[in-house]
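Engineer: No letters, just coordinates:
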């Protein structure tokens, strides 16, 4: 991975929320990079800071939150140095975002065409007519049947899958270099999910868009991502290309990811109980001193509780934050 | 295209939210009655205004020989103490009421929506500051202030006094609306579609005007109608006290107060107060009924019954009765 190929490069990002009860370190020193035309998947449980990372990229963190430290290089520019006005020109234009809830992400009182046209008028300087015509094209591109009719519709007249397609069309309106998809299919059923993934893959190939794909679904990651970052309590605990992360041959793995993988039901095995990771994510105000995962880890030693492990490259392109990344050694112990 | 397709197409009529509200309103009988009576009254008032302007009719024209005439074909509502035709005077008073109501409502809506939206959207310190200001304005004793201001500008020209009254009414009445709009926008701005507009790089101004205000517009219209009625009523009470527009321009409150000066006039010349009172009653009533109807129409939870549905329900009940009758007969036969 050469630095100059990266479209987005996040280094040592710290996003904190200053609440009355104390400082919540939602994102605590995350590094990640995305190359053009590739998909970076970010997995983690709720509260692992994956959404906050994406909001940080767009600089949409609102008071009492703030980006305290780090750098976000986008296309060779430092986003954290941009003014609010400059940032507005980036949002929806060069970086755009798809949200979790297609049901509530569209304005209920505006027609689909009006909403789709808005970023076009704003960023591309189109007039209303051009924007309207382009909206129809965009809807056709996301495979909505009869787009000429749908532009006149209101959001409540569309199904969830259609709305998510509209959201994708809106995000792609200005042909962004980077698309952030924050759990785009959580609210949709499985068949629609597959369609949306195919659509995103097609569009990625067609426009060479980089995608930052945020999810808690490892299956979705396997399907869509090229590289993966596993996050836990605001930190990256494992980073690898998708083939290595899911490969059975690789000797190295983080116990947290192992746990996540084991908790997925498998069709070809009959088990009475599904494996689960014991305990729950530690409270953000009360994080362990050592390894963040130690209290829930089967393999934790005194060293894990006292000292904090670093993200170490255990094999080429595979980084793990654990003192005992070797699966065989761990199991033998 | 198969027949089935065609059918589903026809049923899938695109109904915008506005259109839905209109449909619901149309099927509300009471609201429609109010709407029609308001429309007729407005038509007559505007017609009379046009007649006064076209014929240069002098509302101040005094003819003592015609004083206190009973209602007749010549003077539909009779005449007053100075022998002036009450029909035209009542309708001219209606023109003042409509003007005051409409313009002061527009003023209070503009103030209320923009102030409320600003407070709700920015929140925090701006919100606190604006809302405390709103509370101060809303705790002004309305009548006392209106009387004082009106008394200070007593010797102003009648037309200018009209604008002064409009300004006082509009300026003191925006607070309720501002509070409501602020509350709505506070909850709306946390919705995902507003976060989405931020992620699209849409400016704060456009977020407020294009995305937030259209979402509260229905509530604003409802509250606007009620403000409208309230403003007309307040103007009437001000003019009853002689603090609104002055002679020779007649107002409803003034007309009533002229006849209410002593008991003899009130008992013997009933037409001098009953007609302006009735006009005021009908106008306020119809506006309030329209407001209620709009409120029902805007509420997504309220259902409306169309004519066809009503007929179908009737038939259903009829069939049920027949069935029961038949069952009784069968039982008796057994």
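Structural biologist: That came through, no problem. Note that the structure is predicted; figures quoted are calculated from it, not measured.
Engineer: Would you check how far apart the residue most central in space within chain B and chain A are?
Structural biologist: For chain B, residue B:225 is the residue whose C-alpha lies nearest the centre (C-alpha atoms, centre = their mean; 3.1 Å). From residue B:225 across to chain A, the span is 20 Å (C-beta to the nearest C-beta, to the nearest Å). All C-beta spots, glycine's among them, are computed from the backbone N, C-alpha and C.
Engineer: just checking, that residue touches residue B:289?
Structural biologist: No - contact status for residue B:225 versus residue B:289: not in contact, 9.6 Å apart, counting by C-beta atoms under 8 Å.
Engineer: ok so, going back, now the residue nearest to the centre of chain B: which helix or strand?
Structural biologist: helix B:213-240 (DSSP states H and E).
Engineer: do the same with residue B:59
Structural biologist: Residue B:59 belongs to no helix or strand, assigned by DSSP H and E.
Engineer: which ones are touching the residue nearest to it when sequence neighbours are not counted?
Structural biologist: With sequence-adjacent residues excluded and distances taken as C-beta to C-beta, 6 or more residues apart in numbering or on different chains, residue B:59 is closest to residue B:248, at 5.4 Å. By C-beta atoms under 8 Å, 6 or more residues apart in numbering or on different chains, residue B:248 lies in contact with B:59-60, B:158.
Engineer: before we move on, what about residue A:8?
Structural biologist: Neighbours of residue A:8 in contact, by C-beta under 8 Å, 6+ apart: A:32-34, A:57, A:72-75, A:178, A:210, A:212.
Engineer: Where does the prediction get shaky in chain B?
Structural biologist: B:1-17, B:246, B:300-305 (pLDDT under 70).
Engineer: Can you point out the buried residues in the helix of greatest length in chain A?
Structural biologist: Secondary structure of chain A per DSSP state H: the longest helix is helix A:190-207. Neighbour-count burial for helix A:190-207, counted by 16 or more other C-beta atoms under 10 Å in any protein chain shown, picks out A:192-193, A:195-197, A:199-200, A:203-204.
Engineer: what's in contact with it?
Structural biologist: For helix A:190-207, using C-beta under 8 Å, 6+ apart, the contacting residues are A:37, A:39, A:141-143, A:160-161, A:164-165, A:168, A:172, A:175, A:179, A:181, A:184-185, A:188, A:209-211, A:220, A:223-224.
Engineer: How about the spatially most central residue of chain A: which residues does it bridge to?
Structural biologist: For chain A, the residue sitting closest to the mean C-alpha position, by C-alpha atoms, centre = their mean, is residue A:214 at 2.1 Å. Counting by DSSP bridges, residue A:214 is bridged to residue A:42, residue A:182.
Engineer: That one against residue A:186, yeah?
Structural biologist: No - applying C-beta under 8 Å, one finds residue A:214 not in contact with residue A:186, separated by 10.0 Å.
Engineer: correct me, but residue A:150 touches residue A:140?
Structural biologist: No - contact between residue A:150 and residue A:140 fails when scored by C-beta under 8 Å: they sit 9.7 Å apart.
Engineer: can you tell me the helix or strand for residue 167?
Structural biologist: Using chain A here. Here residue A:167 is assigned to helix A:160-172, by DSSP H and E.
Engineer: actually it's chain B I care about, not the one you picked
Structural biologist: With DSSP H and E as the criterion, residue B:167 is inside helix B:158-172.
Engineer: helices or strands next to that helix in the packing?
Structural biologist: The contact analysis (3 or more C-beta pairs under 8 Å, 6 or more residues apart in numbering or on different chains; DSSP states H and E) places helix B:158-172 against helix B:86-122, helix B:142-152, helix B:213-240.
Engineer: Please name whichever of the ones you listed is nearest to residue B:310.
Structural biologist: helix B:213-240 (25.6 Å; C-beta to C-beta).
Engineer: and that closest one with helix B:142-152, angle?
Structural biologist: Interaxial angle, helix B:213-240 versus helix B:142-152 (axes from the mean of the first three to the mean of the last three C-alpha atoms, to 10 degrees): 60 degrees.
Engineer: residues of helix B:213-240 that come out buried?
Structural biologist: By neighbour count on 16+ other C-beta under 10 Å, the buried set for helix B:213-240 is B:213, B:215-236, B:238-240.
Engineer: The residue nearest to residue B:135 when sequence neighbours are not counted - how many residues pack around it?
Structural biologist: Leaving out its chain neighbours, the residue that sits closest to residue B:135 by C-beta to C-beta, 6+ apart is residue B:175, at 7.7 Å. For residue B:175, the neighbour count with other C-beta atoms under 10 Å in any protein chain shown is 23.
Engineer: hang on, residue B:175 packs against residue B:112?
Structural biologist: Yes - with contact defined as C-beta under 8 Å, residue B:175 counts as touching residue B:112 (7.3 Å).
Engineer: Would you map the helices across chain A?
Structural biologist: For chain A, applying DSSP H gives helices covering A:50-57, A:84-90, A:112-124, A:128-141, A:147-150, A:160-172, A:190-207, A:218-224, A:242-245, A:255-262, A:302-306, A:327-332.
Engineer: do the fourth one and chain B meet at all?
Structural biologist: When you say that, I think you mean helix A:128-141. No - contact of helix A:128-141 with chain B (C-beta under 8 Å from any C-beta of the partner chain) is absent, the minimum separation being 12.8 Å.
Engineer: Identify the residues contacting that helix?
Structural biologist: With C-beta under 8 Å, 6+ apart as the criterion, helix A:128-141 contacts A:112-113, A:116-118, A:120-121, A:126, A:147-148, A:150-151, A:165-166, A:169-170, A:172-173, A:203.
Engineer: what about the residue nearest to residue B:98 when sequence neighbours are not counted, helix or strand, and which?
Structural biologist: Of all residues not flanking residue B:98 in the chain, residue B:45 sits nearest, at 6.3 Å (C-beta to C-beta, 6+ apart). Using DSSP H and E, residue B:45 falls within helix B:29-55.
Engineer: Okay, buried residues for that helix please.
Structural biologist: B:31, B:34-35, B:37-38, B:41, B:45, B:48-49, B:52.
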